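>>> Next comes the sequence, and after it the predicted model I'd like to discuss.
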Amino acid sequence: MPRRLMNRLYYFTIEDEGILAEAFSQFSDDVYAIAYKVAGTDDVFVTTSETKDAMDRADVPYNLLAQEEGARIGLYHSPLSREELGEFEDPVKALALAFRAVAVACVGVNGESNLGFDLSDGAKNYTYFTAPAGHTFIWRLFHERDEAVRFLDKLTMGDRKAVEWAQSIPLASSRELKTYH
């Protein structure tokens with residue numbers, strides 16, 4: 001699949017969610033179709049450019065609400081997630097947007113982490129993405145750049161590259177995300 005230089009992520013509504021499942025099952029095998037319901041909404045979804053293009057080709061009826069530049073969403077990989085998900089960054093970023101997060105960092109795989117992250121505060125700041133290769137990666141959601149800096153500084157014991165990544169997240173807060181209303 002050719003890589004796009006300016007990947008966009010799209011918010012949309014659809015009259016009947018069943019249409020998505022029906023349409024997605026009929027897309028060609030080379031399309032990685034994905035749409036996530038935005039947390040806290042009844043009918044708003046976020047999807048990738050690839051999926052939107054496939055929906056347009058199949059004449060799937062939806063209402064486009066807004067678009068977000070994929071480059072504005074930060075993505076911090078582990079070595080394994082970079083290897084397995086290099087071509088699936090847009091779906092991971094769409095997942096982040098479904099939680100209205102400005103960035104995500106891979107903190108584990110298959111329910112385990114050698115990084116020692118703590119779920120004692122609950123799992124609301126975490127999500128997962130299963131790679132086509134079969135591993136399920138655990139992602140820490142960030143709604144604020146400063147939150148990412150603090151988390152990665154502590155998690156990686158001050159690893160300069162990890163902290164610099166967090167400091168370079170394009171959006172300071174989820175309040176800067178596009179609105180879909």
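Alright, I've got the coordinates.

>>> Okay, buried residues for the host helix or strand of Lys154 please.
Secondary structure from DSSP states H and E places Lys154 in helix 145-155. By neighbour count with 16 or more other CB atoms under 10 Å, helix 145-155 contains the buried residues Arg145, Glu147, Ala148, Val149, Phe151, Leu152, Asp153, Leu155. All C-beta atoms are positioned from the backbone trio N, CA, C, and that covers glycine.

>>> How about exporting that helix as CSV, limited to the C-alpha atoms?
C-alpha atoms of helix 145-155 as CSV (Å, rounded to 0.1, in the frame of the first residue of the first chain):
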residue,chain,number,x,y,z
ARG,A,145,1.5,17.0,26.2
ASP,A,146,2.7,17.6,29.8
GLU,A,147,1.1,14.4,30.9
ALA,A,148,3.1,12.5,28.3
VAL,A,149,6.3,14.2,29.3
ARG,A,150,5.8,13.2,33.0
PHE,A,151,4.7,9.7,32.2
LEU,A,152,7.5,8.9,29.8
ASP,A,153,10.2,10.6,32.0
LYS,A,154,9.1,8.3,34.8
LEU,A,155,8.5,5.2,32.7
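
>>> Which strands or helices does it pack on?
strand 103-109, strand 136-142, helix 160-167 (3 or more CB pairs under 8 Å, 6 or more residues apart in numbering; DSSP states H and E).

>>> For these, give me a markdown table that also has mean neighbour count.
Shown next, in a markdown table, are the helices and strands packed on helix 145-155 (neighbours: other CB atoms under 10 Å):
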| stretch | mean neighbour count |
| --- | --- |
| strand 103-109 | 23 |
| strand 136-142 | 22 |
| helix 160-167 | 15 |
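
>>> a markdown table please, covering these and showing mean pLDDT and distance to Leu9.
Output for those, formatted as a markdown table (pLDDT from 0 to 100; distance: least, CB to CB, whole Å):
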| stretch | mean pLDDT | distance to Leu9 |
| --- | --- | --- |
| strand 103-109 | 94 | 13 |
| strand 136-142 | 95 | 15 |
| helix 160-167 | 97 | 20 |
